[in-house]
Structure formats: structure tokens, C-alpha cells
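> give me a model of this one.
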Amino acid sequence: MVIGSFPVGKIFIHGVKRISKPFGDLLIWMGKHHPFIRRYIIIPPAQLYNTFENICKN
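Residues are numbered from 1 along each chain as shown. Prediction:
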């Protein structure tokens, strides 16, 4: 069953989307203004994602 078909599931998914938007904006802002956050928190997962994406495409 798809979780989106239940009203409670839809409400839960909508709540998660609303919570994650400000958190993502804060993370982007901190990445722009704090080199430590950028270097040790944002860049390593991005590099890992890029590596896996390139492996999957080839």
C-alpha cells in the first residue's frame, strides 16, 4: 500500500515537508557563511553522493 493513500499518511508527509524546508534553508545559509560547516558537514556527503551517482551511471 502507498502511504499517501491514507489521510494520516498524507498529513504526516506534509508535516515532514514543512519542517524540512526551514531546516534545509538554514543548512544552506550556514554552508555559505561558515567554512567549517561547509568543509566537514556539507561537502563530504555531497562528494559521496556524486561518486555513487557516477558509478551508477557508468
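
> use CA for all of it now, contacts and neighbours both
OK.

> pull up the gap between the residue nearest to the spatial centre of the chain and Phe6, please.
Closest residue to the average C-alpha location of the chain: Gly24 at 6.8 Å, with C-alpha atoms, centre = their mean. Per C-alpha to C-alpha, to the nearest Å, Gly24 is found 27 Å from Phe6.

> the bottom helix or strand of this protein by mean pLDDT?
Each helix and strand of the chain was given a mean pLDDT (mean pLDDT, DSSP states H and E); the minimum falls on helix 7-33 at a mean of 92.

> and the strand or helix carrying Ala46, what's buried?
According to DSSP states H and E, Ala46 maps onto helix 43-57. Residues of helix 43-57 include none that count as buried (16 or more other C-alpha atoms under 10 Å).

> that one - what's its average pLDDT?
In this model, helix 43-57 has a mean pLDDT of 95.

> for that helix, output the C-alpha coordinates as CSV.
What follows is helix 43-57, C-alpha atoms only, in CSV (Å, rounded to 0.1, in the frame of the first residue of the first chain):
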residue,chain,number,x,y,z
ILE,A,43,30.9,18.7,1.2
PRO,A,44,31.7,15.0,2.3
PRO,A,45,28.1,13.7,1.8
ALA,A,46,27.9,15.7,-1.4
GLN,A,47,31.1,14.1,-2.7
LEU,A,48,29.9,10.6,-1.7
TYR,A,49,26.6,11.2,-3.5
ASN,A,50,28.4,12.4,-6.6
THR,A,51,30.7,9.3,-6.5
PHE,A,52,27.7,6.9,-6.2
GLU,A,53,25.8,8.8,-8.9
ASN,A,54,28.8,8.5,-11.3
ILE,A,55,29.2,4.8,-10.5
CYS,A,56,25.5,4.1,-11.2
LYS,A,57,25.5,6.0,-14.5
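
> much appreciated, bye for now.
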